[in-house]
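Enquirer: Sharing a model prediction with you, sequence too.
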Amino acid sequence: MVLRLVEVAQLSDTGLVRAHNEDRAFAVAPLLAVADGMGGAKAGEVAAQMTVDALSRTGPAPSVEQVVEAIDDANREIRELSQADPDHAGMGTTVTAVLVGEDGVTALHVGDSRAYVMRGGQIRQVTEDHSLVGELVRQGQLSAEEAERHPSRNIITRALGAEVHVAVDRVPLALESGDVVLLCSDGLTTMVDADDIVRIVSGARSLRSAADALVEAAIAGGGTDNITVVLGRLGDDTTPVVVDEPRSHTSEIPVVGAPSPSGGSDAPTSEIAAPRAEPSGQGLRPVLLESHARGRRPSRRPLLVVIASALILIAGFGSWAASRVFFVDTRDGHTTAHIYHGLPGSFLGISLYSSWADTGVSADVVRRAEPAAMSGDVHGEGKAVLQATSLIWRYGLPEIAVLELPRPAPVKKASTSAR
């Protein structure tokens with residue numbers, strides 16, 4: 001049985017906090033996609049739009065390889081514009097897509113937007129979040145509930161525009177007629193939990209009304225981010241179709257594509273198989289791009305936190321390194337050669353060394369005789385002391401004083417008188 005998309009609905013909303021919408025959606029059968037842009041001064045929406053534009057060029061019946069190639073093209077174009085135009089510097093985007101092709105259904109994924117499959121009142125996330133907390137969850141260091149509240153949940157580890165080559169997860173999906181696929185930006189999933197999502201979709205009379213209800217639920221939950229949902233119901237050649245018009249709650253964001261029609265059947269009750277992404281070949285490597293998470297601080301805050309953390313790490317390393325090294329030189333106005341404890345430099349105007357001992361040897365004398373003797377090369381304590389001792393023996397020992405023994409006082413002879 002060949003599956004096809006028989007009902008599609010899509011909706012995007014700016015939310016209650018954001019000034020503009022950086023999400024983009026694509027829904028032209030057989031391809032569905034969501035892109036969640038990031039970057040300052042509206043650059044994120046540019047990156048997301050470039051991504052859906054690239055997907056729109058794949059044609060009416062693309063292969064998985066063609067969709068991956070389109071994502072690669074978008075990644076390259078985003079990087080080129082980011083580097084050429086300061087107004088778009090640092091921009092990037094997630095992308096999560098589902099292709100319903102003749103060879104099966106495949107999810108393609110970069111970032112922390114998500115794809116879900118719903119069947120028989122059950123829901124399963126079929127993509128893995130490329131985020132710091134997502135990695136911690138996979139390693140067993142955080143629970144899924146802890147990850148939703150973690151202060152670093154907005155740091156993603158993979159995005160279009162961040163690297164020269166982007167690794168795209170490919171997730172083959174074993175789906176059946178009646179299954180519903182949901183693609184969404186994290187503006188939905190940080191406001192509405194999975195149980196409520198499946199309840200809303202299962203209880204809706206159509207995917208269009210389900211999309212409305214999902215967005216309304218996210219807004220009721222706080223609406224702290226842009227919210228975008230794309231829903232697709234699968235069927236076979238016998239399934240009637242229902243046409244839905246692309247819509248958006250904001251005039252600022254176009255939702256791309258006239259979705260394929262659909263008409264649905266009740267979802268079967270068999271358990272949904274747990275798909276796994278094919279190896280991507282890219283490990284955890286934090287990306288300094290902003291992801292949209294629940295209760296997120298202002299857009300520059302995550303980057304400032306990362307920079308502050310990096311500075312703390314650098315300072316900590318410098319302190320550790322400085323505690324283990326010594327060098328011989330003359331600094332800070334000293335005229336004699338000193339042994340210094342620490343690194344021969346400074347960080348943010350703060351010296352990483354301090355004077356440890358004074359040899360008493362004139363620095364000018366040493367430089368005239370041996371210019372390289374005080375180079376500032378770092379050593380262990382023992383070697384630095386030996387170097388300083390050598391300077392003392394060669395150039396600093398005082399001349400041995402000429403000692404003059406005191407002359408004895410002349411002895412006066414006693415005078416004698418005649419008797």
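Expert: Yes, it's here.
Enquirer: Residue 212 and residue 180, how far apart?
Expert: From residue 212 across to residue 180, the span is 15 Å (C-beta to C-beta, to the nearest Å). In this view, the C-beta of every residue, glycine as well, is placed from N, C-alpha and C.
Enquirer: can you check residue 13 too?
Expert: Counting by C-beta to C-beta, the gap from residue 13 to residue 180 is 20 Å.
Enquirer: what about residue 212 and residue 180, which has more around it?
Expert: residue 180 (23 against 19; other C-beta atoms under 10 Å).
Enquirer: residue contacts, the more buried one?
Expert: 117, 118, 119, 201, 207, 231, 232, 233, 234, 264, 267 (C-beta atoms under 8 Å, 6 or more residues apart in numbering).
Enquirer: can you do 7 Å?
Expert: 118, 201, 231, 233, 267 (C-beta atoms under 7 Å, 6 or more residues apart in numbering).
Enquirer: Tabulate these in TSV, adding columns for distance to residue 141.
Expert: Formatted as TSV, those follow (distance: C-beta to C-beta, whole Å):
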residue	distance to residue 141
118	29
201	32
231	33
233	37
267	35
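Enquirer: Now for the residues you listed: which two are most distant?
Expert: The largest distance within these, taken as C-beta to C-beta, falls between 231 and 267 and amounts to 12.6 Å.
Enquirer: out of these two, which sits in the busier spot?
Expert: Using other C-beta under 10 Å, the more surrounded residue of residue 231 and residue 267 is residue 231, with 29 against 23.
Enquirer: can you pull the buried residues of the helix or strand containing residue 133?
Expert: Secondary structure from DSSP states H and E places residue 133 in helix 132-138. Judged by neighbour count using 16 or more other C-beta atoms under 10 Å, the buried positions of helix 132-138 are 132, 133, 134, 135, 136, 137.
Enquirer: on contacts alone, who are the packing partners of that helix?
Expert: helix 144-149 (3 or more C-beta pairs under 7 Å, 6 or more residues apart in numbering; DSSP states H and E).
Enquirer: Now the element after the lowest-mean-pLDDT helix or strand in the chain, going C-ward?
Expert: Lowest on mean pLDDT, DSSP states H and E among the helices and strands of the chain sits helix 301-322, with a mean of 61. Using DSSP H and E, the helix or strand that directly follows helix 301-322 along the chain is strand 326-329.
Enquirer: Contacts for that following strand next, please.
Expert: 337-341, 344, 356, 374, 376-381, 384, 387-388.
Enquirer: buried sites along it?
Expert: Within strand 326-329, the residues that qualify as buried are 326, 327, 328, 329, counting by 16+ other C-beta under 10 Å.
Enquirer: Can you tell me which of the residues you listed comes closest to residue 158?
Expert: Each of those was scored against residue 158 by C-beta to C-beta, and residue 327 proved nearest at 42.8 Å.
Enquirer: what's the nearest residue to that closest one if we skip its chain neighbours?
Expert: Leaving out its chain neighbours, the residue that sits closest to residue 327 by C-beta to C-beta, 6 or more residues apart in numbering is residue 378, at 4.8 Å.
Enquirer: Count the neighbours of the one you found for me.
Expert: 19.
Enquirer: who touches it in this structure?
Expert: Per C-beta under 7 Å, 6+ apart, neighbours of residue 378: 325, 326, 327, 343, 344.
Enquirer: Just give me the closest of those to residue 60.
Expert: Proximity of those to residue 60 (C-beta to C-beta) peaks at residue 343, which lies at 62.9 Å.
Enquirer: Nearest spatial neighbour of the closest one, chain-adjacent residues omitted?
Expert: Nearest residue to residue 343 in three dimensions, chain neighbours excluded: residue 352, at 4.1 Å (C-beta to C-beta, 6+ apart).
Enquirer: for residue 94, same thing?
Expert: residue 111 (2.6 Å).
Enquirer: neighbours of that neighbour, just the number please.
Expert: Under the neighbour criterion other C-beta under 10 Å, residue 111 is assigned a count of 31.
Enquirer: now the strands for the stretch 151-300 of the chain?
Expert: Using DSSP state E, counting those that start in this stretch, the strands found in the stretch 151-300 of the chain span residues 169-173, 180-184, 227-235.
Enquirer: I'd like the ones you listed laid out as JSON lines, including mean pLDDT.
Expert: Output for the strands of the stretch 151-300 of the chain, formatted as JSON lines (pLDDT from 0 to 100):
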{"stretch": "strand 169-173", "mean pLDDT": "96"}
{"stretch": "strand 180-184", "mean pLDDT": "97"}
{"stretch": "strand 227-235", "mean pLDDT": "96"}
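Enquirer: three-state assignment of residue 109?
Expert: strand (DSSP: H, G, I helix; E, B strand; the rest coil).
Enquirer: Correct me if wrong: it contacts residue 125.
Expert: No - with contact defined as C-beta atoms under 7 Å, residue 109 does not reach residue 125; the gap is 10.7 Å.
Enquirer: returning to that earlier point: okay, the strands of the stretch 151-300 of the chain in a markdown table with distance to residue 193 next?
Expert: Below are these laid out as a markdown table (distance: least, C-beta to C-beta, whole Å):
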| stretch | distance to residue 193 |
| --- | --- |
| strand 169-173 | 22 |
| strand 180-184 | 13 |
| strand 227-235 | 14 |
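Enquirer: Most tightly packed of those?
Expert: Among these, strand 227-235 has the highest mean neighbour count (mean count of other C-beta atoms under 10 Å), at a mean of 29.
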